[in-house]
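Engineer: The following block contains a protein sequence and its predicted model.
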Amino acid sequence: MSCCDRRTEVEGGVFNNKQMDWTSDNDDSDKFEWESDGEAEPSSAPAFRNLDAAGPSTLDSNGWANEEAPPTSLVEGYVLMGFPKEMVLKGIKEIGHSDANALLELLLTYKTLGDDAAAGNCSTSGCFPQSVEDDDDFDFENWDGDDDADGREPNPDSSGDEDFLREMSEKDNKIKSLVDMGFPEDEANMAITRCGVDAALTVLVDSVYASQAAGDCHYGNLSDYEVTGSCFDSLGGRKRARLMEGSKKRRKRYGGAAQGNRRPLDGSHEEPMPLPNPMIGFNLPNDRLRSVTRRLPQQAIGPPFFYYENVALAPKGVWATISRFLYDIEPEFVDSKHLCAAARKRGYIHNLPIENRFPLLPLPPKTIFEAFPHYKKWWPSWDPRRQLNCLQTSMSSAKLTERIQCALASSGNPPPKSVQKYVMDECRKWNLVWVGKNKVAHLEPDEVEYLLGFPRDHTRGVGKTERFKSLGNSFQVDTVAYHLSVLKDMYPNGVNVLSLFTGIGGGEVALHRLGIHMKTVVSVEIGEVNRRILRGWWDQTQTGTLIEIADVKSLTDDRIATFVRRFGGFDLVIGGSPCNNLAGSNRHHRDGLEGEQSALFYHYFRIVDAVKSAMGRM
């Protein structure tokens, strides 16, 4: 499947061919300097006071404004749930009573911190700091927050501005500290709002956990007072040790330390979403040492099955957004170097089972020399590569390979370290191989086809440049087939497939190589060259029906519903939306999902949702 091309519309009409700026998605080096241009920093503005609040002359004997006094039934309802009346009144004074969920979270926070602290010792500036239990994983008291105030200088002419900027800086630092521990930014922000900027970090941690505990109950509208007290009793009785133990477990999940390797899925940190190391997904073929289980959110469970792919090293927040739109499913990040001889770091979000997977046979070669043994003759001892980096959409120039040959010819054997470094940098960048003495060359298109799992001559018949573009934007077939293999026993009579951003048909080739018959494929692909490649392969190998559409935007909900009725639904929706604005090499237009091409991801979600809705009405 293609991950990096734009689309228009076909199905019996005239193709609207638009010129594309193709970019490499070369994510092959862990040392590559990934950028995230134009990304906003976490909001650091503190909550402003209500300048229209009632003055002393309008307050009653209990300190309430005449028109703001809470209904007696409301207070009594929370008291019946087990909260002290003083605590309820204090909570309502702090945040009002219009938002029942927010008020419940605040009361649970008070309850967790202790009734006395909440009712008497928790001032408006922050909650009373509690003592910290011993924690071998993390030293809260010595947490080193970010001392940088984003370059903001206080105004020497205004003490009010100075206090304002100081508060902004403190809040910013604490949000970053909580995010680095593994908490989502919005929950960190809410905890600071509840407990105050001056609250100790340990108090904020407990507040976040209390808020999460409240969310687990899913109560709905508390004003009805029809809820049983059991859940409130269990939550209200939670001890600090229980919360701290949960904090330990969460920190271990994200690296076991303040600055561990894992960060939260919300993508709020300034770096791209941290990826697992090694990047092996939920499991690999013949991996009997690990047993991974996952539980899909209810709304993600099919029909249909869906499978989405894109570059793993995307700008910050991208995978969090993709996951959120695709029913909060955890991404499966896989580097294809664990299944073949070339790296390809990709993220996959799908609702397929992950048990009983099996690989394509014969197993693909895992090293350069297994794939192309004839290159070993000329391979210098100082070139340590045993696998190739990510296969790109372009090839090196003849001038570059000539410069390398000249540099080596004028050097000794072995060449100086500086020459070795220059040559190795270019070889890694362009996946150059040794074809003679001091002579390197780029891979040929048929070699790239082989590494990516396509049949020989799959892209033959179009220009060499176009072949590299199409292959560089495709799926790695062996990786995708391993994930899709679970469908074989589930659909012995074949599948109906909706293929979005089809490219040169990586998903279809994977299904074919698995022996899964494709009864119907509705293919959506803008590239005329890609459509020609897919159609040529389909006519030679398939007996099912291929319907071609060029533009995902033309695939309306009504049109989807028509296809669903016609074919009795789709068994699989598969595709990888354009990565043009996500790939690290696109320095000028790396705009994330807001970019012109990569924003087409939202059509993938829209279409999947429309298919689910239409099939739900069958």
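Structural biologist: Now that the structure is in, tell me what you want to look at.

Engineer: now the strands: where do they sit in the stretch 501-618 of the chain?
Structural biologist: 518-524, 545-549, 572-575 (DSSP state E, counting those that start in this stretch).

Engineer: ditto for the stretch 301-450 of the chain
Structural biologist: Under DSSP E, counting those that start in this stretch, the stretch 301-450 of the chain gives strands at 305-311, 332-335, 345-350, 433-436, 439-441.

Engineer: Deepest in the core, which of the ones you listed is it.
Structural biologist: strand 305-311 (a mean of 26; mean count of other C-beta atoms under 10 Å). In short, each C-beta sits where N, CA and C put it, glycine included.

Engineer: May I have that one exported as CSV, CA atoms only?
Structural biologist: Coordinates of each C-alpha in strand 305-311 appear next as CSV, following Å, rounded to 0.1, in the frame of the first residue of the first chain:
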residue,chain,number,x,y,z
PHE,A,305,-11.4,-5.3,10.4
PHE,A,306,-9.3,-2.3,9.5
TYR,A,307,-5.6,-1.8,9.1
TYR,A,308,-3.8,1.5,9.0
GLU,A,309,-0.1,2.3,8.3
ASN,A,310,2.2,5.3,8.3
VAL,A,311,5.8,6.3,9.1
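
Engineer: Adjust the sequence numbering to begin at 7 for everything that follows.
Structural biologist: Done: numbering now begins at 7, and the last item shifts to strand 311-317.

Engineer: Out of the strands of the stretch 307-456 of the chain, which gets nearest to T549?
Structural biologist: strand 311-317 (22.4 Å; C-beta to C-beta).

Engineer: what's the closest one packed up against?
Structural biologist: strand 351-356, helix 483-490, strand 578-581, helix 607-622 (3 or more C-beta pairs under 8 Å, 6 or more residues apart in numbering; DSSP states H and E).

Engineer: what's the most buried one of the ones you listed?
Structural biologist: strand 578-581 (a mean of 27).

Engineer: Name every strand pairing with it and say which way it goes.
Structural biologist: strand 311-317 (parallel), strand 501-506 (parallel) (DSSP bridges).

Engineer: Give me the contacts around the last one.
Structural biologist: Just to be clear, that refers to strand 501-506. 7, 310, 493, 511, 513-514, 517, 522-531, 558, 569, 573-581, 583, 609-610, 613, 617 (C-beta atoms under 8 Å, 6 or more residues apart in numbering).

Engineer: mind running it again at 6 Å?
Structural biologist: 513, 524-530, 573, 576-581, 610 (C-beta atoms under 6 Å, 6 or more residues apart in numbering).

Engineer: now the strands paired with strand 578-581 as CSV including mean pLDDT and distance to S400?
Structural biologist: Formatted as CSV, the strands paired with strand 578-581 follow (pLDDT from 0 to 100; distance: least, C-beta to C-beta, whole Å):
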stretch, mean pLDDT, distance to S400
strand 311-317, 95, 16
strand 501-506, 98, 25
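
Engineer: Using CSV, lay out the ones you listed together with distance to G97.
Structural biologist: CSV is the format used below for the strands paired with strand 578-581 (distance: least, C-beta to C-beta, whole Å):
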stretch, distance to G97
strand 311-317, 42
strand 501-506, 48
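
Engineer: low-confidence ranges in the stretch 7-156 of the chain?
Structural biologist: Along the stretch 7-156 of the chain, segments meeting pLDDT under 70 span 7-74, 86-87, 107, 111, 115, 117-156.

Engineer: What is the burial count for R538?
Structural biologist: Residues lying near R538 (other C-beta atoms under 10 Å) number 16.

Engineer: Name the nearest residue to it, ignoring sequence neighbours.
Structural biologist: V468 (7.0 Å; C-beta to C-beta, 6 or more residues apart in numbering).

Engineer: from memory the one you found sits against V535, does it?
Structural biologist: Yes - between V468 and V535 there is a contact under C-beta atoms under 6 Å: 5.3 Å.

Engineer: follow-up on the earlier one: among the strands of the stretch 307-456 of the chain, which comes closest to S79?
Structural biologist: Per C-beta to C-beta, nearest to S79 of the strands of the stretch 307-456 of the chain: strand 351-356, 46.0 Å.

Engineer: List the buried residues in stretch 441-458.
Structural biologist: 444-449, 451, 453-458 (16 or more other C-beta atoms under 10 Å).

Engineer: which among those gets closest to I410?
Structural biologist: Of the buried residues of stretch 441-458, the one sitting nearest to I410 (C-beta to C-beta) turns out to be V446, at 5.5 Å.

Engineer: mind listing the helices for the stretch 457-606 of the chain?
Structural biologist: Secondary structure of the stretch 457-606 of the chain (DSSP state H, counting those that start in this stretch): helices located at 470-478, 483-490, 493-496, 512-519, 534-547, 563-573.

Engineer: Please enumerate residues in contact with the third one?
Structural biologist: Contacts of helix 493-496 from elsewhere in the structure, counted by C-beta under 6 Å, 6+ apart, are L520, I522.

Engineer: Pipe the strands of the stretch 507-624 of the chain into CSV and attach mean pLDDT and distance to T485 per row.
Structural biologist: Compiled in CSV, the strands of the stretch 507-624 of the chain are given as follows (pLDDT from 0 to 100; distance: least, C-beta to C-beta, whole Å):
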stretch, mean pLDDT, distance to T485
strand 524-530, 98, 19
strand 551-555, 97, 24
strand 578-581, 97, 13
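
Engineer: Dump the ones you listed into JSON lines; add distance to G323 as well.
Structural biologist: As requested, those are exported to JSON lines (distance: least, C-beta to C-beta, whole Å):
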{"stretch": "strand 524-530", "distance to G323": "26"}
{"stretch": "strand 551-555", "distance to G323": "30"}
{"stretch": "strand 578-581", "distance to G323": "21"}
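
Engineer: Can you tell me which of those is nearest to D192?
Structural biologist: Per C-beta to C-beta, nearest to D192 of those: strand 578-581, 29.8 Å.

Engineer: give me the number of residues near I522?
Structural biologist: Neighbours of I522 (other C-beta under 10 Å): 23.

Engineer: State the distance from the closest residue to it other than its chain neighbours to D577.
Structural biologist: Closest residue to I522 apart from its sequence neighbours, by C-beta to C-beta, 6+ apart: K494 at 5.4 Å. According to C-beta to C-beta, to the nearest Å, K494 and D577 sit 12 Å apart.

Engineer: go on, L506?
Structural biologist: 14 Å.

Engineer: ok so, going back, nearest to K382, of the strands of the stretch 507-624 of the chain?
Structural biologist: Per C-beta to C-beta, nearest to K382 of the strands of the stretch 507-624 of the chain: strand 578-581, 37.2 Å.

Engineer: Give me the residues contacting that closest one.
Structural biologist: Residues contacting strand 578-581 (C-beta under 6 Å, 6+ apart): 7, 310-313, 501, 503-507, 513, 610, 614, 617.

Engineer: Out of those, which is nearest to L369?
Structural biologist: Closest to L369, out of all of the contacts of strand 578-581 and judged by C-beta to C-beta, is G513, at 20.1 Å.

Engineer: What's the local residue count around the closest one?
Structural biologist: When neighbours are counted by other C-beta under 10 Å, G513 comes out with 30.

Engineer: same check, this time on the one 3 residues further on
Structural biologist: Summarising burial for A516: neighbours were counted as other C-beta under 10 Å, giving 27.

Engineer: Pretty sure it sits against T485.
Structural biologist: No - with contact defined as C-beta under 6 Å, A516 does not reach T485; the gap is 8.7 Å.

Engineer: I'd like the distance between the nearest residue to R391 once chain neighbours are set aside and K343.
Structural biologist: Among residues not flanking R391 along the chain, I374 sits closest, at 6.6 Å (C-beta to C-beta, 6+ apart). I374 sits 11 Å away from K343, going by C-beta to C-beta.

Engineer: Show me what counts as buried in the helix or strand containing I198.
Structural biologist: For I198, the host element (DSSP states H and E) is helix 191-201. For helix 191-201, the neighbour count (16+ other C-beta under 10 Å) marks E191, E193, A194, N195, M196, A197, I198, T199, R200, C201 as buried.
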